[in-house]
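Trainee: one predicted model, sequence on top.
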Amino acid sequence: MTKFGELISVEKPVLIDFYTDWEDAENTVETLRSVAAALGDSAKVIKIDINKNEILADALRVKGNPTFMIYKNGEMKWRQTGFQDANTLIGLVQQYV
């Protein structure tokens, strides 16, 4: 959990995708690559495997797959479960840049 705290306690927005490997990972990876490319250095984009991080997922009450969250300065700013397209995610993150 300490490492997660360090990840989200930065001034730039952090978009996190909680996923499991059985989901349609290829589409999500391409979506996140597009988001990361569009945002450049203004934000971080991170994928976290729910199965490999069960304690963290439970602590954050991640039930659906995928679950996206945006953090800034250690505070959750937005959260949504279900697939999101790249343009939607880019627009959401840009609100916190």
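Mentor: Great, that's in hand.
Trainee: wait, residue 18 touches residue 57, no?
Mentor: Yes: contact criterion CB atoms under 8 Å: residue 18 and residue 57 qualify, at 6.1 Å. Where C-beta positions appear, they are placed from N, C-alpha and C, glycine not excepted.
Trainee: show me what counts as buried in whichever strand or helix holds residue 28.
Mentor: For residue 28, the enclosing helix or strand under DSSP states H and E is helix 25-39. By neighbour count on 16 or more other CB atoms under 10 Å, the buried set for helix 25-39 is 28, 31-32, 34-36, 38-39.
Trainee: other SSEs contacting that helix?
Mentor: strand 14-19, strand 44-49, helix 86-94 (3 or more CB pairs under 8 Å, 6 or more residues apart in numbering; DSSP states H and E).
Trainee: out of these, deepest packed?
Mentor: strand 14-19 (a mean of 23; mean count of other CB atoms under 10 Å).
Trainee: enumerate every residue touching the spatially most central residue of the chain.
Mentor: Note on the chain: the residue nearest the mean C-alpha position is residue 16, at 1.3 Å, using CA atoms, centre = their mean. Residue 16 makes contact with 8, 46-48, 68-71 under the criterion CB atoms under 8 Å, 6 or more residues apart in numbering.
Trainee: and if we set it to 6 Å?
Mentor: 46, 48, 69 (CB atoms under 6 Å, 6 or more residues apart in numbering).
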